[in-house]
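> This is the structure alone, sequence omitted:
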Ligand code: NAP
């Protein structure tokens with residue numbers, strides 16, 4: 001039976017479509033712009049087993065029901081990464097997730113929903129020494145910071161779980177919570193955007209030049225990353241393992257900020273080194289932190305999926321190879 005992938009033109013979803021086709025699935029790829037989705041038809045297996053349908057997150061329920069017709073699973077990845085707060089990010093993210101859930105409950109063939117959430121939904125305050133999937137961010141705190149992207153991810157995932165608790169349904173929900181996603185992109189175009197473009201800029205400018213808010217904005221945590229191929233393989237494992245349910249972190253933790261700096265500079269010597277950062281980080285935006293700690297992640301649920309995940313070194317190395325092959329870095 002076919003599986004639906006929403007946001008199929010995206011960085012993560014296009015890798016998902018390619019992996020699903022490689023594994024013999026029939027894929028319905030939903031995109032709001034059919035022209036933009038044309039590259040998907042070049043993937044091996046696409047001629048025989050790919051159908052592209054138009055779907056906007058702001059569409060009404062009928063469009064979602066029609067996209068889902070005959071499918072037995074959905075990978076819901078579409079969500080705006082940027083835009084004008086309430087209208088541009090929150091509204092489409094929530095409308096999309098609510099309609100996916102409702103449409104699935106009206107489509108008896110659907111047995112599994114895999115939702116691409118984010119590690120940003122697990123930012124309890126104060127930071128605990130170990131974070132796991134039982135924890136949630138506080139939407140009020142995210143709204144107070146005007147961080148509409150992370151707010152949209154938290155509210156959308158919560159809406160999906162609330163739907164499961166509230167409604168009678170014939171399917172299971174699995175959510176995957178990636179951190180920053182890097183690694184080779186299948187999308188066309190010469191310049192990487194989104195998380196991958198961020199990594200390229202980091203190599204070019206160094207941490208202090210590219211993202212001076214690290215570690216100030218995130219003093220208790222080390223940076224983390226996951227390869228796009230691994231997060232997609234994990235999502236497919238969530239579909240294929242009938243016992244998979246609930247939330248799954250998806251990340252590889254870096255060492256400290258200074259260690260990461262050194263590793264990136266070793267792999268790409270042109271990257272400017274930044275000032276060393278004490279461990280644990282002792283100040284936030286110049287103010288001393290009363291109780292400096294380093295927060296780690298409990299990755300046991302992710303590991304239970306049995307998907308071998310690339311190391312931080314591999315992710316950075318293979319991203320660099322991709323940037324060089326595409327002429328984005330010398
Ligand atoms: P991306 O390349 O920007 O993909 C986002 C997708 O959502 C695109 O296909 C985009 O369509 C689609 N979309 C946005 N607004 C839409 C709308 N109104 N109607 C229909 N489709 C719409 O980003 P990505 O990195 O692959 O992210 C995919 C998912 O992973 C998102 O849910 C994101 O929150 C999550 N995630 C990403 C990261 C990361 O580091 N990349 C980390 C954690 C979670 P267009 O191509 O037409 O714009």
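Cool, got the structure. Keep in mind the model is a prediction, meaning the values are calculated, not measured.

> what about the residue in the stretch 1-150 of the chain that the ligand sits nearest to, neighbour count?
Going by Cβ to the nearest ligand atom, the ligand is nearest to residue 10 of the stretch 1-150 of the chain, at 2.4 Å. (Each C-beta comes from the backbone N, C-alpha and C, glycine too.) Residues near residue 10, counting by other Cβ atoms under 10 Å, number 23.

> Please state the backbone phi and psi of residue 305?
phi -70, psi -20 (degrees, to the nearest 10).

> Enumerate the residues of the stretch 151-300 of the chain near the ligand.
Residues of the stretch 151-300 of the chain lying close to the ligand by Cβ under 6 Å from any ligand atom are 153, 178, 180, 181, 194, 195.

> Tell me what the second one is bridged to.
Residue 178 forms beta bridges with residue 250, as assigned by DSSP bridges.

> That one touches residue 226, doesn't it?
Yes: taking contacts as Cβ atoms under 8 Å, residue 178 lies within contact range of residue 226: 5.2 Å.

> Quickly list what's touching both of the two.
Common neighbours of residue 178 and residue 226, counting by Cβ atoms under 8 Å, 6 or more residues apart in numbering, are 250, 251.

> which residues of the protein fall in strands?
Ranges of strands in the chain, per DSSP state E, are 3-6, 27-31, 50-54, 73-76, 112-116, 130-131, 172-178, 180-182, 224-227, 246-250, 252-253, 283-284, 287-288, 296-297.

> the inter-axis angle of the second one versus strand 50-54?
It refers to strand 27-31. Here strand 27-31 runs at an angle of 30 degrees relative to strand 50-54 (axes from the mean of the first three to the mean of the last three Cα atoms, to 10 degrees).

> Who are the contact partners of residue 55?
Residue 55 touches 6, 30, 31, 32, 63, 64, 67, 78, counting by Cβ under 8 Å, 6+ apart.

> brain fart, residue 20
Counting by Cβ under 8 Å, 6+ apart, residue 20 touches 3, 5, 27, 236.

> Take those residues and lay them out in JSON lines including neighbour count.
Listed next are the contacts of residue 20 as JSON lines, based on neighbours: other Cβ atoms under 10 Å:
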{"residue": "3", "neighbour count": "22"}
{"residue": "5", "neighbour count": "31"}
{"residue": "27", "neighbour count": "27"}
{"residue": "236", "neighbour count": "21"}
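
> picking up where we left off before, and the nearest residue to the residue of the stretch 1-150 of the chain closest to the ligand once chain neighbours are set aside, how many neighbours?
Of all residues beyond its chain neighbours, the one nearest residue 10 is residue 77 (6.2 Å), with distances taken as Cβ to Cβ, 6 or more residues apart in numbering. For residue 77, the count of nearby residues is 27 (other Cβ under 10 Å).

> Verify the contact between residue 77 and residue 9 for me.
No: using Cβ under 8 Å, residue 77 is not in contact with residue 9, being 10.3 Å away.

> ok, back up a step: give me the pLDDT value at the residue nearest to residue 10.
Note on residue 77: pLDDT of 98.

> Give me the phi and psi angles of it.
phi -110, psi -20.

> rewinding a little: tell me the one among the contacts of residue 55 nearest to residue 85.
residue 78 (18.1 Å; Cβ to Cβ).

> Name the residue closest to the centre of the protein, please.
Central residue of the chain (Cα atoms, centre = their mean): residue 178, 4.4 Å from the mean position.

> Next up, the contacts around it.
With Cβ under 8 Å, 6+ apart, residue 178 has these contacts: 12, 116, 118, 119, 226, 231, 250, 251.

> and if you look at residue 98?
159, 163.

> pLDDT score for it?
98.

> before we move on, what about residue 263?
Residue 263 is given a pLDDT of 98.

> That one: neighbouring residues, count only.
Residue 263: 16 neighbours (other Cβ under 10 Å).

> So it versus residue 250, what's the distance?
Per Cβ to Cβ, to the nearest Å, residue 263 is found 21 Å from residue 250.
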